[in-house]
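Visitor: Requesting a structural model of the entry that follows:
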Amino acid sequence: ADPPPADAAASLLAWETLGVEASSYDLVMAADASYEAGPTAALARVAALALRPGGRARFVSPTNRRGMATLGEALEGEGLRVSTAACPEALLTNPLASGDEREFQSTYFRFKTDAFVLVEALKEAEGEGGDAGGAGNGEAKEPP
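Guide: Numbers count the residues shown, from 1 in each chain. Here you go, the predicted structure:
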């Protein structure tokens with residue numbers, strides 16, 4: 001994988017309190033952020049607010065998290081185009097992990113037993129697409 005650009009920046013956000021400037025990010029990522037269905041509306045709202053036109057949001061979580069069942073619909077409700085797929089193996093590794101054997105053993109069992117899902121959302125660039133997101137015409141749209 002390519003290294004991030006030199007001007008890449010990251011922010012830690014609390015989904016319920018927003019605290020993000022509109023259209024300020026090209027990418028919003030969250031892992032295991034949807035334990036319950038209740039906060040998914042706030043999560044979707046913040047993602048839609050934070051993304052620049054043409055930006056993407058990626059959410060990875062075990063499939064058994066209650067919020068994953070409603071996240072796609074909440075993102076579409078915020079005008080984003082959504083796709084859902086099994087999470088690629090490459091996204092289930094932690095590039096920041098130390099590689100310590102104890103750390104590996106503590107997470108290995110979970111990764112081998114849980115199924116993970118990847119929900120991606122695209123905020124269309126100005127002038128793209130018909131309606132601002134979602135299917136609109138009954139057809140599922142996937143981000144390119």
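
Visitor: can you pull the buried residues of stretch 63-76?
Guide: The neighbour-count check on stretch 63-76 (16 or more other CB atoms under 10 Å) flags 65, 67-68, 70-72, 74-76 as buried. All C-beta spots, glycine's among them, are computed from the backbone N, C-alpha and C.

Visitor: Farthest pair within the residues you listed?
Guide: Spatial extent of the buried residues of stretch 63-76 (CB to CB) is set by the pair Arg65 and Glu76 at 18.3 Å.

Visitor: could you say what helices and strands the lengthiest strand in the chain packs with?
Guide: Across the chain, the longest stretch assigned as strand under DSSP state E is strand 51-62. Judged by 3 or more CB pairs under 8 Å, 6 or more residues apart in numbering; DSSP states H and E, strand 51-62 is in contact with strand 25-31, helix 68-77, strand 116-122.

Visitor: okay if I get the ones you listed as CSV plus mean pLDDT and distance to Ala6?
Guide: Output for those, formatted as CSV (pLDDT from 0 to 100; distance: least, CB to CB, whole Å):
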stretch, mean pLDDT, distance to Ala6
strand 25-31, 89, 14
helix 68-77, 93, 30
strand 116-122, 92, 25
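
Visitor: what would the ones you listed look like in CSV with distance to Pro88?
Guide: Output for those, formatted as CSV (distance: least, CB to CB, whole Å):
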stretch, distance to Pro88
strand 25-31, 13
helix 68-77, 16
strand 116-122, 7
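
Visitor: wait, which of the ones you listed is closest to Ala90?
Guide: Each of those was scored for nearness to Ala90 using CB to CB, and the closest is strand 116-122 (10.6 Å).

Visitor: List the strands paired with the closest one, with their directions.
Guide: The strands beside strand 116-122 in its sheet (DSSP bridges) come out as strand 51-62 (antiparallel), strand 81-86 (antiparallel).

Visitor: which residues touch it?
Guide: Applying CB atoms under 8 Å, 6 or more residues apart in numbering, the contact partners of strand 116-122 are 44, 47-48, 54-63, 68, 71-72, 75, 80-88, 91-92, 133, 143-144.

Visitor: Please work out which helix or strand belonging to the protein has the smallest mean pLDDT.
Guide: The least trusted helix or strand in the chain, going by mean pLDDT, DSSP states H and E, turns out to be helix 101-113, with a mean of 57.
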